[in-house]
Structures are given as structure tokens and as C-alpha cells.
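Undergrad: let me see the structure of the following:
(chains A and B)
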Amino acid sequence: MNEATNEPLSAAPVSTSVPVLECRDLSISYFTRAGEIPAVVDFNLKVHAGEAVGIVGESGCGKSTVALAIMQYMGKNGRIMAGELKFMGRDMRAMGEAELQGLRGSKIAMVYQEPMASLNPAMRIKDQLMEVPLHHEKVGEKEAFERALAMLADVKLPDPRRIMEAFPHQISGGQQQRVVIAMALLSNPALLLLDEPTTALDVTVEAGIVDLIREIASRFNTGMIYISHNLGLIRETCDRITVMYSGEAVEDGTVGEVFNAMRHPYTQGLFRSIPLPGADKNARPLIPIRGQLPLPHQRPHGCNFGPRCDHFKPACDAGPIPMRQVPSQPDHRSRCIRFEQIDWNAPPAHADTGEPIPLGPRVLEVDGLKKYYEIANRSLLAMIRGTAVKTVKANEKLDFDAHEAETVAIVGESGCGKSTFAKVLMGLETATEGRAVLGNRDIAATPVQSRKPQVVGHLQMVFQNPFDTLNPSHTVGSQIARVIRKFDVEQDREKVKDRVMQLLDMVKLPRDFYLRRPRQLSGGQKQRVGIARAFAGNPRVVVADEPVSALDVSVQAAVTQLLMEIQRTNRTTLLFISHDLSLVRYLADKVIVMYLGHLVEQGTTDEVFAPPYHPYTEALLSAVPVADTSVEKRRIVLEGDIPSAVNPPPGCPFQTRCQRKIGRICETEYPPLRTFGEGHRILCHIAPEELEAMPPVFTTAEERAAE
Amino acid sequence: MATTFDARPAAPPLLDRLSAPKAVLILVALMWVPLTLYVMAGRNLGVLQPYILLPAIPATLILYVLAVRAWRESWTAVIGATLVFFWLLMAVSAPYLPLLDPNKPIAPFVLPFSHGKVGDTFFWLGTDFKGRDMLSRTVWGCQRVIVWGVTATVVAYVVGTLFGLIAGYLSGWWDELITFFGNVLLSFPVMVLFIVVLNYLGPSGFNIVIAVTFASAPAIMRIVRGLTLDIKSRDYVFAAQTRGERPFYIMIFELLPNVRGPIIVDACLRLGYTTVAITTLTFLGLGLQPPDPDWGLMIKEAAKTAMLFRFSYMLIIPALSVSTLILGFNLMADGLREISLRD
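TA: Numbers count the residues shown, from 1 in each chain, chains lettered A, B, ... in the order given. The predicted structure follows:
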């Protein structure tokens, strides 16, 4: 066994017949005080060498449990109840603790979501990397060092020698995740488990990691299991896909089969609830899956998806549903008894395509807004040198306006200054220079305490993290009621309560949520309460800071639709801060792209998503994982990381990573703002003709056919 | 416990109603206010004095039932609560128990479980060197320890929490100033601080409260400050800020309820610590003054006579009493932490 696996390349012909990993009818349960909770039921999976299998599903569907079971690392209360788990043809359930210990981290390696949590902050990178060959293969110190260094170069880290000497906190998040992947690969694993490895990273950094992961499978001939909630990422990295729902695999097959001809209503629901490039809110509205994921001990009889399924028939809840092969597709199986009867090409039943909303008068005007922070350096040396105060330019000359009922998206990666801008607008910070006119009042320099209650009420915010947005100590009702009283909408006790009930109706929550506490609510429900709270003061402008990025795909769709609907009826202006460009494409009327505090491109959504592009926008668009197989995109992967705002590069802010850099002028001179058409502006040195000549990032099948 | 409740279907709704925060607060007030008045005002209560503790007895019993019911998942907490409530019950019911006068000398040096030389009084726990009944003194003695210990801890917590919230939430100069003073106070050895404060202000219950506050508040301030720093960057705090709430509102309504968990656990531990401090102070002659019974005082008075093994009970009985009370507080803290970790 050892001889065979130490050289996976030579073992390749064998492994086509013997899969690296095989799960057959696997059932896993957790034992709690409430009794046995079946987490995964009847699960089948095969991974061959050099093959990447994606497991996709929403939180609570059991995908992480599968990963832990493969590692045989389920804690005290988890147990495999039935089925087989074979690694290289050998039953893992029969292995002793010592043998498993030898497999973990060497033959089976895992990469987790949060890179900083996988690295020991107190050890240098080199010590953590060298540990792997030192421990598992008992090689010498020198060889371990050489191998670690070579592996860092293999995962495309710049300057591996410097990184070897660094501590984890001294390198960026993307680099940390590359180090974690390098560590996993160092032992030459036969199986690599990736549990949402890019969720914590920015999109342009994610694109680089995705490229790397695709390379691994072919270069190292490793079998990979890629766990994710993002269908686009699965499409870009995997050969096969397993869709999980409520502890069961509901559909599996090759990526092409499942993406083009899905045969399970849940898979279809997932695809309908994500925005695809090239479609907007009026043409192809998102269709959320109704209802909620059942709790493991409250699963319905028969088909788990039954209560949420549009194709439900009485036969569906008669008994357990088996996985069945789709005719003429030997690899494609579905856990739906009616998949032959369902018309898979029928348009969705309740899609309410709407007319575009006419825009109203101008509500918000931002004019030359700047926000500089001063950081005091209190070291003695800095004081002697007279450099005790450093300026961080968080926002530099922001210019835009927003109309009534308009959705303006602010796009950019972490550190681009979009949150700072939101803070200035909300009055938590005051602008250094410039104006932000709401109605007819300049609020840029007025802190929130000095604003009139009506002004504060006119400008409200929806927050990102559903688990943080509500105070866990107060009831839902009292938190909304406080806003109503604070903004003087109503004062009378009964009227306030009525208004809270209306707001709960508006966000489609049952009225008895009035007395619930936040911990009794799911993430999507909390976010709905957050929206109700933001709209309680009848705001004219709502700033939504990544309101759905922490939610599950189907819930995301529901919350997005809700937000759109409320905006439509209230004619509110929505400032939508996001890094998710497919979502922005879907719902925004106008897009603002920010990089390092600078506004690098702005225009209507159609203008920004079509050439001419700013090189950064081009890269951002290319980094979006696309779940639509008919769309082809140009791949552009940016080098390096976002520079720190404390030490911005001279000249153009984007010059350090730009793929279209034209020369010295980029490093020395601040680029001019070029205007195309009406209001489409790009901050770049490149000549307008050249910008206009850029090919589009996305091309659909029809467009390709037309050419 | 649970089975007895199931047997009587009428019981749960009543207990549920009593478990509501308002009802618990009323019960605590019913227990605590008379006891505090009785100990602090004492003879000034006049005709009320013999009756004032009567409502406290049922309140204590109900609270005990509620505590056991709420914490039944953790044995540690139930045992802790049992110890603490035993002494609470002793404290509120001392005047109504058939006990001898704790200050009246009867027969000196009577060993436990024996009759004295005079009369036929049976002494369960013997008598001390002045001939006072040990059982009666032990029961009466818990009153002052509990009342002053809890009062001192509560005052220290109010002060410490307030400064901690200010330092953590407002940060900047407030933080620098408060943390600096906290550090100065923390740098004194606790006993030195106690002795300085009590020597300067004179020994009395209220001054013990002040001394304990000086000694404990900086540490509490640091805990609350740390928790506040963590919580103040949560979105719900931003939400409050963006609707223009005053810092005071945010501190009291948004932050305080969310730092209470760790604080309650720490408070139980610190109650034990304060009880030790008070008995130590009394032992040193800086605390509560004779002749009224008090555990620290009893230990102090017995210190010389207890040299003889035969009479060591005079020291062991009050010492054991202090230990059980503190153990009760600590077990409660442990159990509460256990429960809070479970959800």
C-alpha cells in the first residue's frame, strides 16, 4: 500500500479502476441529548485520482459532515452508522487510530475556509511547512526546507524565501491560503479536501486560487473534493458534482450534465435563485425556493424536498426515495421519483417580470468627497523624525449622484474604502473635504448626533452580518419599535405596535415574531428584521452593506427580491455596497467601481458591464465565477494583492496589479478621468480608442454564434 | 426533580409565571430588602424589627425552587445553589428559630453534642470560651457576612461595570485615564489597600464596602472593558449609532445586556472572594466590631483557645461555614458557565 501511494504518478493507471475514495451508502449520525440526529443519509461518492468532485449545498445540508467523516474526525458524538468508506480500496472504518493518524495530513489533506485559523500564528511559515515532511516522511531538516521552498514556488507565491521566514500575520489572506494549500500538498496526498477554500477571500484573489486548484488536479494527480455553496466556483474547478440537500445527495453527475440538464427540482431551484451574467432584475427575476431547510430531526416523510417543491405529488411522500440513474446518462443520477414526468424546459411558474422603475428627482449628490484618516505613530523614532502623523486616504474625490428609486451599486474589494464612505454618509465619520447633499442639506461634515432626527431617519442602513445585525438581548419587536419612536414616526404605544406589525408584514415575517428573540431566528429571517428596521423610519436613502453575502443561495434570492420589492413600492434610493458582481449586474441601475479609495469607473450598469472597461473592472468581471455553461469568459488573473491604503503606490492607484499597464506614465502621473458617452467615466491613462477596442469579458452562446 | 413536577400538572404554569424576570426581581427584593434593613438598621427599626424578616422566608424558599428548576441541567450549579440558599435561609430565619441568645454567656468550653455542667441545655455545637452557644452564633453570624459581602460586591460591580463601559466604548482619553487609575489601584497589594482605607475611614460595614470597591472595581473594569471592546464593533451597535443614539443609551441598552453573561459568572466567584476578604478584615480587627456574632470575629476570638486540639471546634465550625458558603458561590459560577456554554 505504501509503495503504491508514495508515487501516485506511477500508480495512475491502477487508480482509474480503484477510486481514491469511495463512499457507499454512508450514513452518519450525531448523538445529542435530544437523541440521535441523522446528519447524512445514504451518501455515495467516488473520487478518482486526478479528478475533482464538487459537493454543493446550503448550510446544514451535511456537506461538512461528509468531509469530517472522510477524515474520520467527527468528535465524540458523531458516528458512521452504516455504509462503507473506502480509501484506495481499503475500508477506513476498520483502520485503527494509529493508521488513521498516519493517513490524515499525509495521504488525505484538508484545506479549510479560514486560512488564519489553519496556521499557527506563533510559528514561522517555514517551521509549519517543514513539519509535514519531517513528521510524515522522516526526512532531514535540509531536504524538508528545500521541499517546502519548492512547494511555495509551485503555489505561485512571490518571493518564497521571504515568505518562509515570515509569520502568518505578516502575509495577506490570499497568500495565507496559498501557504495552507502548499502545506496540504507537501505530503503528496492522494486526496485533497477543500472546504470553501475561497469564501474568506476577495474575488480577484479567489480567481488566482481557483486557477491554482485547477492546476493541482492535473499536475499532482490528486483526487479532490471541493465543498462549496457557489455553483459558479464548482463549474470552474470540478469535473463532477454532487448536489446535497438536507443530508442526502439529491443529484450527481458530471458538471456538464448537471448544469445543462438538471434532473432534480432542488438543483433547478438553486440555479433559478442565482443571478446569471447577462440578465437583470426586470428580464429574469430571481426565484427563491420557498420555505426553509427542515431541521435534521424534523425531516418530512418521503422526499425531503417535498414541502418546498413545485412538482410535488402525493406519491412523493410515500416512502424513502432512491437515487436513480437518468436514462442514457450513465453517470447522472437523481433522487426524484418524478423526473421523467417533469418538463425541465418549462419556464418558471410564478416569475413576475416587472417593468423598469422610472427614476425620480435627484436625492443624493456626492461632490468631491474626501476622507483622510490621520494615524499617529507614537514611537520615539517617528517623533524625532517628525513623521509622527501619517495620512491614510480612505476616500479620494468621490463624485456621483443618486435619484429617487434608483439602485446605485458601489463595488470593490476589501480595503477599497466603500465602508468608510458608508460611515461618512451615515455620520459616524465626518468628511475631510467635499459635500454630500441629501435633499438640500449638506451632511458630509455633520456627525450623526448633530443631525435632525428626520435627516437621520431619511438615511438608514442594512448591515452585512445577519448574526450581528440584531441585539441578541432584545426582542425583535422592541428593536423595530425603538426606531419608530426615535425617528418620531409614531409615539403612541398602540400605534407603534401597529406600525411594527405592518413592517413585519412588509418583510413577510409572521406577526408573532414580535416577541421572538434574535437567537430563535434563522439568518435570512434576521436579515429581514434588519431590513424592516432600516425601513421603519420611512427612509429616502438606504445603504445596504453586502446585505446578502452571508446568506445561503436560496435565501439570498428571497432577501434580494424582498429588498427590490420594498424599494419599488417605497421608491427608496438604494446604495448597494457589494463585491458580488453578478448580483450587482442583476439589481443595479448605476455602478461605481472603487479601488484603494479612488473611484475608478462609474456609469450605468450596461455601460460598466460592457467595454470600454477600466482594467480593474475588467479583472473584477473576469473573476466572477459563472454558473451558466453557455457563457464563456476571458480569464484575467491579477498578480499580487491590494496595496495598503497607508502606503498607496504613486501615480495610478491600480498600477501595481494592472494587466494593461502602458509604461512609466502609470507610475508617475495620476490618470485622467475619461468620459464616454453620457456619464460613463473611467480613470485611466490608456487612450479612449484603445479602451473602446477591448473585447467583452462575457460572451454568450448566441453572441458567439452570431460571429 | 422533574418527575415531581410532572406529577402535579398545576405546578408548572405557576412556576413558569414566577420564573419571569419581573417576578424573580420582586422575590429577590422581598428576600433582600428586609435582610439588609435588619442587618444595617438593626435596632433603629423599632417595633418592626421582630416581623420584618417574615416575608423573606417564603421568598427565599421559592427562589431556591426556581433556581433548582432553572439550573437542573447542571449538577454543579444545583449543589452550589443548595449551599448558598441554605445559608440565605439561615440568615432570614435566624430570629424565628429556637436558638439561644448568641451573646449570652451560659457555660464556657462545653464540647459539641454534650450537656453543659449547669442545667440540661443540650449544646449541638458546644459553646465558646465565653460560654456562648456556638450553633446560635454560627447561624446568626452568616447574616452580616452575606449582607455585607453581597452589598460590597454589588457596589464594586456597579462602579466597575460603569467605568469599564465608559473606557471600552468611549475609548480615547477616557480609556487612558480610567485604565491608568485602575492600574495604580491594581498595583497595591489588596490587603495593604484594605488596611489603608479602613485605617483612614475607620472600621465599619460601609467602609468595608468602600474598601472592597477600591480593591475589586479595577479588575471588574478590565473585564467589562475587554468585553465592550469586542462587542462595540458589532453591527447592532453601528445600527444604534446610525440612528443617532446617545452614548449612554448605547452603553446601557445595547452593550450592558450583552456583557452580562461573563459578568454574572465572575460575580459569583468574586462574591466568594469578597466573603473571604470581609472575614479576613474582621479577623484582623478592621471589620465588623464585637459583640455581635460574625464568622470572622468567631475565628479571631477562637484563634488562641483553638491551639488546644480539644477546643479546635471553635475555629473549625465558623471556618467550615465560610468555606461552604464560598464553595456554594464558586460551584454556582462553575455551573452557570457550564450552562451558558451549552447553548
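
Undergrad: so B:Ile264 touches B:Leu336, yeah?
TA: Yes - contact criterion C-beta atoms under 8 Å: B:Ile264 and B:Leu336 qualify, at 6.3 Å. All C-beta atoms are positioned from the backbone trio N, CA, C, and that covers glycine.

Undergrad: and those two? Which one has more around it.
TA: B:Leu336 (21 against 15; other C-beta atoms under 10 Å in any protein chain shown).

Undergrad: spit out the contact partners of that one.
TA: Residues near B:Leu336 by C-beta atoms under 8 Å, 6 or more residues apart in numbering or on different chains: B:Trp71, B:Ser74, B:Ala77, B:Ile264, B:Val265, B:Cys268.

Undergrad: mind giving me the PyMOL select for those residues, buried ones only?
TA: Buried residues within the contacts of B:Leu336, by 16 or more other C-beta atoms under 10 Å in any protein chain shown, are selected in PyMOL with:
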select buried, chain B and resi 71+74+77+265+268
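
Undergrad: now, which of the contacts of B:Leu336 lie within helices?
TA: Applying DSSP state H to those, the entries found in helices are B:Ala77, B:Ile264, B:Val265, B:Cys268.

Undergrad: thinking again about what came up before, report the two of the contacts of B:Leu336 separated the most.
TA: B:Ser74 and B:Ile264 (14.0 Å; C-beta to C-beta).

Undergrad: find the residue at the geometric middle of chain B.
TA: Nearest to the mean C-alpha position of chain B, by C-alpha atoms, centre = their mean, lies B:Val150 at 3.4 Å.

Undergrad: does the residue of chain A found nearest chain B belong to a helix, a strand or coil?
TA: Distances between chain A and chain B by C-beta to the nearest C-beta are smallest at A:Ser473, namely 3.4 Å. The assignment at A:Ser473 comes out as coil when based on DSSP: H, G, I helix; E, B strand; the rest coil.

Undergrad: can you pull the contacts of it?
TA: For A:Ser473, the contacting residues are A:Arg517, B:Pro257, B:Asn258, by C-beta under 8 Å, 6+ apart.

Undergrad: of these - the most surrounded one?
TA: B:Asn258 (19 neighbours).

Undergrad: confidence score at it?
TA: B:Asn258 is assigned a pLDDT of 87 by the prediction.

Undergrad: picking up where we left off before, relative to A:Ile171, which of the contacts of A:Ser473 is nearest.
TA: Using C-beta to C-beta, those come closest to A:Ile171 at B:Asn258, 33.8 Å.

Undergrad: in which helix or strand does that closest one reside?
TA: According to DSSP states H and E, B:Asn258 maps onto helix B:256-283.

Undergrad: for the helix or strand that comes right after that helix, buried residues please.
TA: Downstream of helix B:256-283, the next assigned helix or strand under DSSP H and E is helix B:295-305. For helix B:295-305, burial by neighbour count (16+ other C-beta under 10 Å) applies to B:Trp295, B:Gly296, B:Leu297, B:Met298, B:Ile299, B:Lys300, B:Glu301, B:Ala302, B:Thr305.

Undergrad: tell me what angle helix B:295-305 forms with helix B:256-283.
TA: Interaxial angle of helix B:295-305 relative to helix B:256-283 (axes from the mean of the first three to the mean of the last three C-alpha atoms, to 10 degrees): 30 degrees.

Undergrad: what are the boundaries of the helices in the stretch 301-450 of chain A?
TA: A:380-385, A:418-426 (DSSP state H, counting those that start in this stretch).

Undergrad: what about the helix holding B:Asn258, near chain A?
TA: Yes - residues of helix B:256-283 contacting chain A under C-beta under 8 Å from any C-beta of the partner chain: B:Pro257, B:Asn258.

Undergrad: can you give me how far that helix is from the chain middle?
TA: Relative to the centre of its chain, helix B:256-283 is centred 8 Å away, using C-alpha atoms, centre = their mean, to the nearest Å.

Undergrad: residues in chain B within reach of chain A, list them.
TA: Within chain B, the positions lying close to chain A (C-beta under 8 Å from any C-beta) are B:234-236, B:238-239, B:241-246, B:253-254, B:257-258, B:343.

Undergrad: PyMOL command for the buried members of these?
TA: Filtering those down to the buried ones (16+ other C-beta under 10 Å) takes a single PyMOL command:
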select buried, chain B and resi 234+235+236+238+239+241+242+243+244+245+253+254+258
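
Undergrad: now for B:Ala94, how many residues are close by?
TA: Applying other C-beta under 10 Å, I find that B:Ala94 has 20 neighbouring residues.

Undergrad: farthest pair within the residues of chain B next to chain A?
TA: Once C-beta to C-beta is applied, those give B:Gly244 and B:Asp343 as the farthest pair, at 33.4 Å.

Undergrad: helices of the stretch 51-200 of chain B, start to end?
TA: Using DSSP H, counting those that start in this stretch, helices in the stretch 51-200 of chain B cover B:56-70, B:75-93, B:134-170, B:172-187, B:190-201.

Undergrad: residues making contact with the second one?
TA: Identification of contacts with helix B:75-93 by C-beta under 8 Å, 6+ apart yields B:31, B:34-35, B:53, B:56-57, B:60-61, B:63-64, B:67-68, B:71-72, B:139, B:142-143, B:146-147, B:268, B:321, B:324-325, B:327-336, B:338-339.

Undergrad: what is the neighbour count of the residue nearest to A:Asp488 when sequence neighbours are not counted?
TA: Nearest residue to A:Asp488, sequence neighbours excluded (C-beta to C-beta, 6 or more residues apart in numbering or on different chains): A:Pro453, at 5.6 Å. Using other C-beta under 10 Å, A:Pro453 has 14 neighbouring residues.

Undergrad: hmm, A:Arg485 and A:Pro453 touching each other?
TA: No - counting by C-beta under 8 Å, A:Pro453 does not reach A:Arg485; the two are 10.2 Å apart.

Undergrad: touching, A:Leu193 and A:Ser228? I think so.
TA: No - contact criterion C-beta under 8 Å: A:Leu193 and A:Ser228 do not qualify, at 11.9 Å.

Undergrad: can you pull the contacts of the residue in chain B positioned nearest to chain A?
TA: Closest residue of chain B to chain A, C-beta to the nearest C-beta: B:Pro257 (3.4 Å). Contacts here follow C-beta under 8 Å, 6+ apart; on that basis B:Pro257 touches A:Asn471, A:Ser473, A:His474.

Undergrad: returning to that earlier point: same question for the helix holding B:Asn258: list its buried residues.
TA: Neighbour-count burial for helix B:256-283 [16+ other C-beta under 10 Å]: B:256, B:258-259, B:263, B:265-283.

Undergrad: just send the helices of the stretch 301-450 of chain A back as TSV, with mean neighbour count and mean pLDDT too.
TA: Shown next, in TSV, are the helices of the stretch 301-450 of chain A (neighbours: other C-beta atoms under 10 Å in any protein chain shown; pLDDT from 0 to 100):
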stretch	mean neighbour count	mean pLDDT
helix A:380-385	10	71
helix A:418-426	23	87
